[in-house]
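K.L.:
Starting from these lines, generate the structure:
(chains A and B, ligands or ions: 1)
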Amino acid sequence: MNMAQLITTYNEAVYDTDRDKAIKVIRDAVNNRVSPEEIIFQVIIPAIEQTINHIREDEELSLAQHFMTAQIASDVIEEMLARFETAPKVMGRVVIGTSYGDLHALGKRIVTGCLRARLIEVTDLGVNVSPERFVDEAVAHNAEVIGISSMMIHTARGENGCLKVRQILKERGLDHIKLVVGGAPYRFNPELYKIVQADGWARDGITASRVIADLIAEVKK
Amino acid sequence: MITGLERLMAAIKGEACDRVPVFCNLLDQGAKELGISLEEYYSNGEYVAEAQLKMREKYGHDNVWSLFYVGKEAELLGCKRILFAKDGPPNVEDFVIKSCDDIHKLEIPDDLSAHPAFEEGLKCLRILREEVGGKYPICAYATASMSLPALLMGMDKWMELLFMGPPAECSELLAKCHDFFVKEMFAYRKAGVDVLVYSNPFGSTDIVPRKYFMEHSLPWIEKDIKAVGTQGIVYYCGMAKFNPVIDIVLERTGIGVYYLSPFDDIRKGKETIAGRGLTCGVINDIELIDWSKEEIRHEVKRMMDAGMPGGKFLFGTGVMPYCIPEQNIRTMLEAAYEFGSYEMKMERLHD
Ligand code: B12
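P.N.:
Now for the predicted structure:
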């Protein structure tokens, strides 16, 4: 199987939400002397990129497919990283959490998985995160990006959400840290991220990983 | 005077009436109406009934709700902590299921009507029935077997169990949730509810791929509906899209009312339903927060133009966010009464 076929077979299994098959495809490749580096840079990351283009041009994937993409990719990455001789370069750092008053963890979990699959270091702050904590943790981890997930309107646009994080960043002169938001309300109103003064947003976890990677690149420039 | 129930029945049967029935789902707004906190508001069924009646009078829409918040179902199954906000819906704060063992331990109460968490709801229902029974449809909400676990263990842990197993525990939980769903439905019917919203995000192709829907979601939907019958049932996926599966759901279950997502094409939905049921066009009430008067009127008109030809159409909202300005609610409803008028349409035709 060449790399292109490997990507196709792997992605088919992921879209079918067939975790066992996807993992088997990867393990078989490793047994056939494909290196862990090649698996990450020539299979997993291109597979995610291909999926992003697929979503953009074709039709959207279901939530279950995003969930499985994130789950499988981050599992594979973890398995591969354990086989690396020297740790690969970290692409960037992100702190992510669910906004204050919001206990919904799934969106954040999917985004986190997709980011890890791109070798972006993610610190998961959990759910119900206060605006102060988002900023403190971003500083402590030297993060380029803060990600805020919200499932409800009042936690997305309320006074303890993204708006407050923006205010604290301004007050503390930390404008170089980028703010990215996501979750159901943003899908219902694609202009909402501007209202809450975020730098960007994404409608799904896989696209989120590219939006965030682009912002990290911008900060590092 | 024509009542909301008459409008709804006319729309279901495809008979002539003054206008399209309009469902405006105001829940948390009740607290604002009574000038009390959300926590206090939801502690007493009399408050909820009073506010439902008051808001219906004030805005003139066609339905009232006995639903407090969705997390109530988790309370019936043992959830002890609900997180109240001052500007949004209450949420489940403590999950009943934290491990596989909790699935084995989960018990479905035999008589829900006797459960303390159901009491206030029944109180509310009783008042609604006395005041507007037979005039305005009284709505209740029940989460489908396949979606209920999300409330009991969180959506992420439920997805994990569903897609990665262990399958035995997954099936056990689904069977228990089905048992609960059936009991809940019968309890509501007994209490005199007219409209039963069957809420199932897992019945949407936004949430699961079509293949998975066919193999797993559909069998559970069939099982649920077979057990309770189609009387008063509304198919609803929590505002997620489901146009691609309407045909198969209709064929397999006979459900007669479809409450679309704002992102479902209304014309397409109607075409698929093809006179076999009622199509409910649903406005994007998250955009409604920021829309101008012109934008609101334009959108309502667009929806009515798509849904009204041939009748059998209802105009509805999602669960209206707390922060929608009252003026926008009024503008939307006035536009719905105006553009949803069959008499006006006739006049316009004659002009
Ligand atoms: C499934 C669902 C349910 C289920 C399960 C809920 C749960 N998770 O516990 C049930 C039926 C139980 C339910 C109940 C309720 N729900 Co509900 N539900 C949904 C539905 C259909 C999907 C939500 C979901 O879980 N999606 C899965 C997650 C992973 O998707 P996501 O958050 O969008 O995340 C993706 C992207 O947005 C993005 N993303 C997410 N986070 C981030 C972060 C960053 C930084 C980036 C870049 C991207 C990103 O990537 C993710 C993966 O692709 C939506 C409608 C819809 N179509 O979206 C309504 C919805 C979220 N629910 C809503 C509401 C109001 C509720 C209730 C509060 C109703 C009530 N009054 O009681 C309850 C709350 C129950 C509770 N927790 O106590 C509203 C919220 C809007 C509002 N009015 O505030 C919605 C939008 C429906 C609507 N339009 O009215 N719900």
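K.L.:
Helices of chain A, residue ranges please.
P.N.:
Under the criterion DSSP state H, chain A contains helices at A:3-15, A:19-31, A:36-38, A:45-57, A:63-81, A:106-116, A:131-140, A:153-157, A:162-171, A:184-188, A:192-195, A:205-220.
K.L.:
Can you point out the buried residues in the longest one?
P.N.:
So that's helix A:63-81. Judged by neighbour count (16 or more other Cβ atoms under 10 Å in any protein chain shown), helix A:63-81 contains these buried residues: A:63-77, A:80. In this view, the C-beta of every residue, glycine as well, is placed from N, C-alpha and C.
K.L.:
And for the third one?
P.N.:
Taking 16+ other Cβ under 10 Å as the neighbour-count basis, helix A:36-38 is seen to contain the buried residues A:Pro36, A:Glu38.
K.L.:
other SSEs contacting that helix?
P.N.:
With contacts defined as 3 or more Cβ pairs under 8 Å, 6 or more residues apart in numbering or on different chains; DSSP states H and E, the packing partners of helix A:36-38 are helix A:63-81.
K.L.:
on that earlier part again, quick one, which of the helices of chain A is nearest to B:Asp247?
P.N.:
helix A:63-81 (21.4 Å; Cβ to Cβ).
K.L.:
and the angle from the closest one to helix A:3-15?
P.N.:
Per axes from the mean of the first three to the mean of the last three Cα atoms, to 10 degrees, the angle that helix A:63-81 makes with helix A:3-15 is 130 degrees.
K.L.:
Which residues outside helix A:63-81 are in contact with it?
P.N.:
Taking contacts as Cβ atoms under 8 Å, 6 or more residues apart in numbering or on different chains, the residues outside helix A:63-81 that touch it are A:14-15, A:17, A:19, A:22-23, A:26, A:36-37, A:39-40, A:44, A:47-48, A:51, A:61, A:87-88, A:106, A:109-114, A:116-117, A:119, A:204-206, B:159-160, B:163-164, B:206-209, B:212.
K.L.:
Worst mean pLDDT among the helices of chain A?
P.N.:
Sorting the helices of chain A by mean pLDDT places helix A:45-57 lowest, at a mean of 82.
K.L.:
and that one, anywhere near chain B?
P.N.:
No. With Cβ under 8 Å from any Cβ of the partner chain as the measure, helix A:45-57 is seen stopping short of chain B, the closest distance being 12.7 Å.
K.L.:
can you tell which of the helices of chain A is closest to B:Tyr259?
P.N.:
helix A:184-188 (15.9 Å).
K.L.:
Could you tell me which residues of the stretch 51-200 of chain B lie near chain A?
P.N.:
Within the stretch 51-200 of chain B, the positions lying close to chain A (Cβ under 8 Å from any Cβ) are B:83, B:85, B:87-89, B:91-93, B:154-156, B:159-160, B:163-164.
K.L.:
Can you flag the buried ones in those residues?
P.N.:
The neighbour-count test (16+ other Cβ under 10 Å) marks B:83, B:85, B:87-89, B:91-92, B:154-156, B:159-160, B:163-164 as buried among these.
K.L.:
At the contact with chain A, which residues of the stretch 251-351 of chain B appear?
P.N.:
B:Pro262, B:Asn284, B:Ile286, B:Glu287, B:Ile289, B:Asp290, B:Pro321, B:Tyr322, B:Cys323.
K.L.:
redo that, cut-off 6 Å
P.N.:
Remark: the part of the stretch 251-351 of chain B in contact with chain A comprises B:Asn284, B:Ile286, B:Glu287, B:Pro321, using Cβ under 6 Å from any Cβ of the partner chain.
K.L.:
just these now: which is nearest B:Glu294?
P.N.:
Here the nearest of these to B:Glu294, counting by Cβ to Cβ, is B:Glu287; it sits at 13.4 Å.
K.L.:
Could you report the distance from the closest one to the ligand?
P.N.:
For B:Glu287, the distance to the ligand (Cβ to the nearest ligand atom, to the nearest Å) stands at 10 Å.
K.L.:
Let me see the contact set for the residue of chain A found nearest chain B.
P.N.:
Residue nearest to chain B within chain A: A:His154 (2.9 Å; Cβ to the nearest Cβ). Shown in contact with A:His154 (Cβ atoms under 6 Å, 6 or more residues apart in numbering or on different chains): B:Ala85, B:Asp87, B:Gly88.
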